[in-house]
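> sequence plus the predicted model coming up.
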Amino acid sequence: PKYSYKPTRLKCNYNIYVNSYLKPFKYKANLYTNIQFGSIACLLRHKRESYRIYSYSFKPYLYTHKDCKQSALGNKFLRRYNLLGHIKRAY
């Protein structure tokens with residue numbers, strides 16, 4: 001079979017590649033969901049952004065444009081570059 005990756009001699013790069021496919025880091029939010037991640041960093045980012053765990057200051061980026069669905073009450077951007085990307089794409 002054809003592979004889309006280049007061979008590497010560094011074990012750390014190999015481990016990153018394997019973990020991105022095996023996704024060994026699991027997080028069970030409740031009985032019905034079993035979310036898997038490729039690294040601890042991805043798992044912690046998910047917890048921080050989705051459930052506000054490990055977050056000491058939560059400052060979402062709000063967007064107030066009267067004709068935009070994202071400016072509705074309760075909608076927000078957790079990352080600044082997501083807000084800037086939305087503005088660039090939508091307007």
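Okay, I see it.

> switch to C-alpha atoms for all contacts and neighbour counts from now on
Noted.

> show me the contacts for the residue nearest to Phe25 when sequence neighbours are not counted.
Nearest residue to Phe25, sequence neighbours excluded (Cα to Cα, 6 or more residues apart in numbering): Phe37, at 5.1 Å. By Cα atoms under 8 Å, 6 or more residues apart in numbering, the residues touching Phe37 are 20, 23-26, 43.

> which ones among those map onto strands?
25-26 (DSSP state E).

> for the contacts of Phe37, give me CSV that also has neighbour count, pLDDT and distance to Lys66.
Compiled in CSV, those are given as follows (neighbours: other Cα atoms under 10 Å; pLDDT from 0 to 100; distance: Cα to Cα, whole Å):
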residue, neighbour count, pLDDT, distance to Lys66
Ser20, 14, 77, 40
Lys23, 14, 82, 41
Pro24, 14, 80, 43
Phe25, 15, 81, 41
Lys26, 14, 81, 40
Leu43, 16, 85, 35
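
> out of the contacts of Phe37, which is nearest to Thr64?
Nearest to Thr64 out of the contacts of Phe37 is Leu43 (Cα to Cα; 30.5 Å).

> low-confidence regions, the protein specifically.
Low-confidence segments of the chain (pLDDT under 70): 1-5, 31-32, 53-58, 74.

> and the strands in it, which stretches?
Using DSSP E, the strands assigned to the chain run over residues 25-27, 35-37.

> just checking, what packs against the first one?
With contacts taken as 3 or more Cα pairs under 8 Å, 6 or more residues apart in numbering; DSSP states H and E, strand 25-27 sits against strand 35-37, helix 40-51.

> in JSON lines, list these along with distance to Lys69.
Output for those, formatted as JSON lines (distance: least, Cα to Cα, whole Å):
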{"stretch": "strand 35-37", "distance to Lys69": "28"}
{"stretch": "helix 40-51", "distance to Lys69": "20"}
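
> what's the most buried one of these?
strand 35-37 (a mean of 16; mean count of other Cα atoms under 10 Å).

> could I get the full set of helices for this structure?
11-22, 40-51, 80-90 (DSSP state H).

> of all the ones you listed, which one is nearest Leu62?
helix 80-90 (8.2 Å).

> rewinding a little: nearest to Pro7, out of the strands of the chain?
Of all the strands of the chain, strand 35-37 comes closest under Cα to Cα, at 23.0 Å.
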